[in-house]
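**Student:** sequence? don't have it. structure:
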DNA sequence: ACCTGAACACCGTTCAAGT
DNA sequence: ACCTGAACACCGTTCAAGT
């Protein structure tokens, strides 16, 4: 191996993504600059343009990567058929909130409203994939009579919106992460049993 | 009145805020530039610096203004003591979702994670004020035995997170506004009655 | 008190040219 | 195929000087 940087980086694309996620985590999305990424990696400021058509394309790639990790975590959490409905729902909730607590700026990026037309289809499909973990749980439980009958999409949306709201409040610093995690069992219980007395 | 622009604008601060909100609504937060605002208003590019210490200070002022309008809307919606609990909750939900549908980029700004230390106390208090509309409804209903007993803050959080989740999904284009508004009654019903069969 | 004009140190993006 | 260097048109912020 030579001491001088080779003309071709070799794996610039993934180096950019790695470095970008580090910056995102440490300094936030606003502090992310393509030129600074290039400087840190030791490549010319125009080099990123070869791998990402523009800055938004890099941000979209980060978001997609985030969905992959989130969906993996949700999928893993949903695979415990021995548990009760409430336990399974809590496991899913814990997986989602755990991701939100660990990656608040990434979550903000994943749900931001400005994506490239090129990426939006992939991102929409990633969101659908996230929701599918919830829908699967709901329809299973409906078959056992443990969840109210009705359009599973709507019922999924109630559960997902509730957790997404918590996640968004945490990411936006309107709710403390520890508080939300500590009250998560009670939250899921209220969601399943309702706010009205039985 | 003279045809030439006077040296002193007179009300530059509010002109900047007005123009900024227009840009926010039409082109999004990313397209907001202090220099462009100054150009549009017909003032030098350094003039905004007299009224806002930096760009974030202007964004924070926009967010605070958003909270004022939102809190006004929530407060108005909550003032119908003749209605049932479910009707009152639905009215609050409709007010919040209506704001989210009408001001998606502003909402994103309001819940963004990067604010000036100077503004964060005011913003936090604005968030508390929003939540207070829900807490008021919850404690009222608890006294009548129409809501489960328990920490009203936690119960408020379940209701608020659920609606905020919907709002965030709309703002992030993951859920269509019309679909959410059309299903809002059912959403509130499920929230109050729970996802489990009774 | 409020605004201007110039200056500084950054950006993202493009493109001919290099390896 | 991949990267560089220069160029272009922007930024935000600061600060002496003007009204």
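**Tutor:** Everything's here; your move. The model shown is predicted, which means the values in this text are computed figures rather than measured ones. Numbering: from 1, shown residues only, chains lettered A, B, ... in the order given.

**Student:** burial check on residue A:176, number of neighbours?
**Tutor:** The local packing of residue A:176 (other C-beta atoms under 10 Å in any protein chain shown) involves 12 other residues. Bear in mind the C-beta positions are built from the backbone N, C-alpha and C, glycine included.

**Student:** spatially nearest residue to it (excluding sequence neighbours)?
**Tutor:** Excluding the flanking residues, the one nearest residue A:176 by C-beta to C-beta, 6 or more residues apart in numbering or on different chains is residue A:170, at 7.6 Å.

**Student:** wait, that neighbour sits on residue A:102?
**Tutor:** No. Counting by C-beta atoms under 8 Å, residue A:170 does not reach residue A:102; the two are 10.4 Å apart.

**Student:** who has more neighbours, these two?
**Tutor:** Using other C-beta under 10 Å, the more surrounded residue of residue A:170 and residue A:102 is residue A:170, with 23 against 13.

**Student:** which residues touch that one?
**Tutor:** Residue A:170 makes contact with A:97, A:100-101, A:104, A:176-177, A:180 under the criterion C-beta atoms under 8 Å, 6 or more residues apart in numbering or on different chains.

**Student:** return the closest of those residues with respect to DNA strand C.
**Tutor:** For the contacts of residue A:170, the closest approach to DNA strand C (C-beta to the nearest atom of the strand) belongs to residue A:104, at 21.1 Å.

**Student:** could you see whether DNA strand C lies near the helix or strand hosting residue A:49?
**Tutor:** Applying DSSP states H and E as the criterion places residue A:49 in helix A:48-51. Yes. Helix A:48-51 lies within reach of DNA strand C by C-beta under 7 Å from any atom of the strand, at residue A:49.

**Student:** hmm, the very next helix or strand once past that helix touching DNA strand C?
**Tutor:** As assigned by DSSP H and E, the chain's next helix or strand after helix A:48-51 is helix A:55-78. Yes. Using C-beta under 7 Å from any atom of the strand, helix A:55-78 comes into contact with DNA strand C via A:55-56.

**Student:** can you check stretch A:95-110 too?
**Tutor:** No. Stretch A:95-110 lies out of reach of DNA strand C by C-beta under 7 Å from any atom of the strand, never closer than 14.5 Å.

**Student:** nearest to DNA strand C: which residue in chain A?
**Tutor:** Nearest residue of chain A to DNA strand C, counting by C-beta to the nearest atom of the strand: residue A:54, 2.8 Å away.

**Student:** quick check: closest non-adjacent residue to that residue.
**Tutor:** In this structure, residue A:54 finds its nearest non-sequential neighbour in residue A:116, 8.0 Å apart by C-beta to C-beta, 6+ apart.

**Student:** how close does residue A:64 sit to residue B:17?
**Tutor:** 36 Å (C-beta to C-beta, to the nearest Å).

**Student:** what pLDDT does the model give residue A:156?
**Tutor:** What the model reports for residue A:156 is a pLDDT of 98.

**Student:** is it true that residue A:146 touches residue B:196?
**Tutor:** Yes. Look at residue A:146 against residue B:196 with C-beta under 8 Å: they come within range, at 6.5 Å.

**Student:** mutual contacts of those two, please.
**Tutor:** Residues within reach of residue A:146 and of residue B:196 at once, by C-beta under 8 Å, 6+ apart, are residue A:85.

**Student:** for chain A, which segments count as helices?
**Tutor:** In chain A, the helices defined using DSSP state H lie at A:12-27, A:34-41, A:48-51, A:55-78, A:85-102, A:104-110, A:117-143, A:152-171, A:177-182, A:184-193.

**Student:** so which of the ones you listed is nearest residue B:185?
**Tutor:** helix A:152-171 (11.0 Å; C-beta to C-beta).

**Student:** run the angle between that closest one and helix A:85-102 for me.
**Tutor:** With axes from the mean of the first three to the mean of the last three C-alpha atoms, to 10 degrees as the basis, helix A:152-171 and helix A:85-102 are set at 40 degrees to each other.

**Student:** what does chain A have sitting close to DNA strand C?
**Tutor:** A:7, A:32-36, A:45-46, A:49, A:53-56.

**Student:** do that again at 10 Å, thanks
**Tutor:** A:6-8, A:31-39, A:44-50, A:52-58, A:116 (C-beta under 10 Å from any atom of the strand).

**Student:** just the buried ones from these, in ChimeraX syntax?
**Tutor:** Selecting only the buried entries of these in ChimeraX, with 16 or more other C-beta atoms under 10 Å in any protein chain shown as the criterion:
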select /A:32,34,37,38,47,48,52,55,56,57,58,116
